[in-house]
Every structure is written in structure tokens, then in C-alpha cells.
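In: pasting the sequence and the predicted coordinates here, then a few questions.
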Amino acid sequence: MTGSDGSSRPDGPDGPDGPDGPDGPDGPDGASRPDSRSHRTYWVAGSAVALALLFAVGATVTAASDSGGGDRASGTSSRAPGLYSPDAGFARDMAVHHQQAVEMSFIVRDRTQDEPVRSLAYDIANTQANQRGMLLGWLDLWGLPKVVADEPPMSWMESGGHQGHDMGAAKPGALMPGMATKEELAGLGSADGRDAEVLYLQLMTDHHKGGVAMAQGCARQCATPAERALAQGMVEAQQSELTLMADMLKQRGAAPRG
């Protein structure tokens with residue numbers, strides 16, 4: 001398996017919703033490696049993903065410590081976030097948001113043999129599946145449900161006055177801003193080759209924009225230091241991938257939507 005930074009690595013394990021990662025650079029289509037300019041771009045984005053994953057591991061340990069250890073300096077014990085707090089709302093909403101990114105990445109992997117797109121999809125699926133597991137784990141740690149029936153998506157952002165300011169409105173048929181509709185997912189699943197690559201990059205660009213705005217909301221509003229820091233790491237990694245995807249679309253004679 002070849003990562004987005006061009007280094008060799010073993011095939012990843014099955015993700016939570018799909019099979020092993022994409023083939024390496026010498027796959028059945030014989031696709032050549034990207035040129036040096038693109039290679040540098042992939043390296044930068046891949047490095048951001050790797051740093052986000054390394055930080056995520058540390059953040060989980062820190063969150064557990066914050067929840068159970070209290071404030072050593074003041075001698076007070078820290079409290080778990082409330083049911084409708086930004087901390088809990090972000091964890092629930094971003095877990096759902098991430099799940100669709102993982103789903104789209106597994107879909108495109110089966111619709112193209114283009115190595116750069118498959119490698120990007122592999123990185124996104126693995127990164128966001130790991131982060132999703134952390135977010136759900138925090139909810140378990142806090143003794144909070146993963147689904148709250150009477151909580152509209154993104155309602156936690158209203159408490160800070162940011163609802164709709166950065167996110168924009170979700171398009172008809174989409175659960176949250178940036179998310180694809182069922183029809184768009186079906187279109188991705190029926191597309192092939194370049195058409196699948198372009199649609200995936202466009203859908204994931206929209207998805208990342210929504211994810212960045214949501215993560216910025218948590219970085220501003222969440223009270224748990226580890227969760228705020230993880231959210232900021234998501235912002236930086238996904239902004240790097242947005243630059244990469246814009247370049248990949250340009251190489252295919254296309255551009256982001258809207």
C-alpha cells in the first residue's frame with residue numbers, strides 16, 4: 001500500500017464499514033505516480049493527516065484524564081459535559097458527519113483505479129473512522145447517549161451565536177451542511193472512472209467545508225481542552241486536504257461546485 005506521502009506501508013485493516021485499503025501505485029490500471037508538484041502536495045496533505053491521527057491518540061488519553069482526574073491545581077473535580085452542551089453536540093454531529101465521509105471514500109475506491117484518488121480516499125476513510133471512534137468513545141466516557149431524539153443537528157452551535165454564521169444552510173435532502181444527499185451518493189455509486197473521481201472530489205470538498213466550519217465551532221465553544229484541540233487539528237488537516245482536492249480537480253479539468 002502506498003500512502004499519500006509516497007512512502008510504503010502495509011495494507012490497512014478493514015475499516016468499520018468496508019474492506020481493506022486501496023491497491024498500491026502499481027495497481028491493475030498501471031497508473032503512473034503524480035508529477036513532482038502534485039507529489040509535494042500529496043506529501044503535505046498526508047503529513048497533516050498523520051499529525052492529526054497522532055494528536056487524536058493523545059487527545060483520547062487527555063480527555064480521559066480530564067474527565068476522571070479533576071483539576072490538580074485547584075483541587076476541584078471536573079464535570080462531564082451536559083447532554084446538550086457543545087462538547088456533546090459536536091461529538092454526536094461530527095460522528096455522523098465523519099461516517100458519511102468514510103462511506104463516500106469506500107464507494108469511490110470501487111469506482112476508479114486512479115491511484116491518487118484511491119490513496120486520498122484511503123487516508124480520509126482511516127483518519128475519519130479513527131476520529132469518529134474517539135468522539136463516540138468520549139460520549140461513552142461521559143455517560144451520554146450517542147443519539148438524542150429531540151436535538152436538531154447543529155443546535156449546539158446556537159448557544160454560542162454561531163449557528164448559520166459559518167455553516168450555511170444544509171441543502172434539501174442533506175442532514176447537515178456539507179453532507180451529500182441520498183441521490184448524490186447514488187450518483188457516486190453509479191459513476192465510473194473520471195466521472196466518479198470528479199464527483200467524489202466535489203462532494204468531499206463540500207463535506208470538508210461543512211466539517212471545517214463545525215470543527216471551528218467546537219474550537220470556540222467546547223469546554224473540554226482535548227476536544228477543542230482535536231477540533232482544531234481537524235480544521236488544519238481538512239483545510240490542507242481542501243487545497244489538495246482543488247488541485248486534483250484542476251488536473252481533471254474540473255472545479256469545486258458553487
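Out: Alright, I've got the coordinates.

In: the helix or strand that contains R118 - contacts with which helices or strands?
Out: For R118, the host element (DSSP states H and E) is helix 115-142. Helices and strands touching helix 115-142, by 3 or more C-beta pairs under 8 Å, 6 or more residues apart in numbering; DSSP states H and E, are helix 36-69, helix 86-109, helix 193-221, helix 225-251. (Each C-beta comes from the backbone N, C-alpha and C, glycine too.)

In: same question for the helix or strand just after it, mean pLDDT?
Out: Downstream of helix 115-142, the next assigned helix or strand under DSSP H and E is helix 182-190. In this model, helix 182-190 carries a mean pLDDT of 98.

In: now do the buried residues in helix 182-190.
Out: Neighbour counts over helix 182-190 (16 or more other C-beta atoms under 10 Å) mark E184, L185, L188 as buried.

In: make TSV out of the residues you listed and add distance to L242.
Out: Conversion of the buried residues of helix 182-190 to TSV gives the following (distance: C-beta to C-beta, whole Å):
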residue	distance to L242
E184	18
L185	20
L188	19
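
In: just the closest of these to G258, please.
Out: Within those, distances to G258 taken as C-beta to C-beta reach their minimum at E184, with 13.4 Å.

In: ok, that closest one - contacts?
Out: L199, L203 (C-beta atoms under 8 Å, 6 or more residues apart in numbering).

In: gap between it and A196?
Out: Distance check for E184 against A196: by C-beta to C-beta, to the nearest Å, it reads 12 Å.

In: do the same with L135
Out: From L135 across to A196, the span is 29 Å (C-beta to C-beta).
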